[in-house]
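**Student:** Give me coordinates for this.
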Amino acid sequence: MAYFPAFLKFDDKSILIVGGGYVALEKLEHLLNFSSNITLIARDFSDKVKALIDENSLTYFKKDYQIGDAKGFDIVIAAIDDFSLQESIYFETRDYNNTLCNCVDLQKYCDFIFPAYIKKGDLTVAISTSGSSPAFAKNFKEYLKNLIPSSVEDFLKEVKALRTIMPKGRERMEFLDKKAKDYIKSWSKDS
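**Tutor:** Alright, predicted model coming up:
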């Protein structure tokens, strides 16, 4: 079964990352684009993970994961090499209402997966192969990233402002639709 593409609002979500190595770093870097309500648990943290913890004033615990550590978190990411512990964390989160869990490299224990994504201001483009080929998703992301002009951030700020001052209705919808079409058409002229 494929994963449903959705964008989650993280404003009131608490996130736990179990792990402090390279994979935990990747997940942390992605999540910091959307939230800083992140706690980390690991016996050891890489220098890069520790730097991000310090830079973003994140909560962390330098210890082994213990049953119950995931309680109270909305999202749990198990980014550790110990697959039996990942599985244990996943099944533990089943006991907590509304906790979403991602066990890195164990797709059957993932309520969600991390897509490859492009973020430029308010624009976020997510790419997923539902786990078939993360390498393809990553390389396709790079291809798409090169197609999106840097002016997209300014364009989105402009239309966001227009949406606040123009009255809702068909006229606004048609005006903004034409503006978006014209803007995207201009990309090929810029190349």
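
**Student:** And the helices in this protein, which stretches?
**Tutor:** Remark: helices assigned in the chain by DSSP state H are 22-31, 47-55, 83-93, 134-145, 152-165, 170-190.

**Student:** closest one to D12 among those helices?
**Tutor:** Taking CB to CB, helix 22-31 is the member of those nearest to D12, at 14.9 Å. To be clear about C-beta, it is placed using only N, CA and C from the backbone, and glycine gets the same treatment.

**Student:** And the closest one, what does it pack against?
**Tutor:** Here helix 22-31 touches strand 15-18, strand 38-42, helix 47-55, strand 75-78, going by 3 or more CB pairs under 8 Å, 6 or more residues apart in numbering; DSSP states H and E.

**Student:** rerun that using 6 Å as the cut-off
**Tutor:** Helices and strands touching helix 22-31, by 3 or more CB pairs under 6 Å, 6 or more residues apart in numbering; DSSP states H and E, are helix 47-55.

**Student:** Could you pull out the buried residues of the helix it packs on?
**Tutor:** V49, K50, L52, I53 (16 or more other CB atoms under 10 Å).

**Student:** which pair in those residues spans the largest distance?
**Tutor:** K50 and L52 (7.4 Å).

**Student:** Can you say which of the helices of the chain is nearest to P5?
**Tutor:** That would be helix 134-145 among the helices of the chain, by CB to CB, at 12.4 Å.

**Student:** list the helices and strands that closest one packs on?
**Tutor:** Contacts defined by 3+ CB pairs under 6 Å, 6+ apart place helix 134-145 against strand 116-120, strand 123-127.

**Student:** that older thread, out of the helices of the chain, nearest to L106?
**Tutor:** Of all those, it is helix 83-93 that lies closest to L106, at 5.4 Å by CB to CB.

**Student:** and that closest one, what does it pack onto?
**Tutor:** Using 3+ CB pairs under 6 Å, 6+ apart, helix 83-93 is in contact with strand 75-78, strand 100-103.

**Student:** Distance to D105 and pLDDT added to the buried residues of helix 47-55, as a markdown table?
**Tutor:** Supplementary listing: those in a markdown table, determined by distance: CB to CB, whole Å; pLDDT from 0 to 100:
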| residue | distance to D105 | pLDDT |
| --- | --- | --- |
| V49 | 18 | 98 |
| K50 | 23 | 98 |
| L52 | 21 | 98 |
| I53 | 23 | 98 |
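
**Student:** any idea which of the residues you listed is the one closest to D64?
**Tutor:** Nearest to D64, judged by CB to CB, of the buried residues of helix 47-55 is V49 at 16.3 Å.

**Student:** that older thread, which one, of the helices and strands packed on helix 134-145, ends up nearest to D12?
**Tutor:** Between D12 and these, the shortest gap by CB to CB is with strand 123-127, which sits at 19.1 Å.

**Student:** Please tabulate the buried residues of helix 47-55 in CSV, including the columns distance to S186.
**Tutor:** Below are the buried residues of helix 47-55 laid out as CSV (distance: CB to CB, whole Å):
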residue, distance to S186
V49, 41
K50, 44
L52, 37
I53, 42
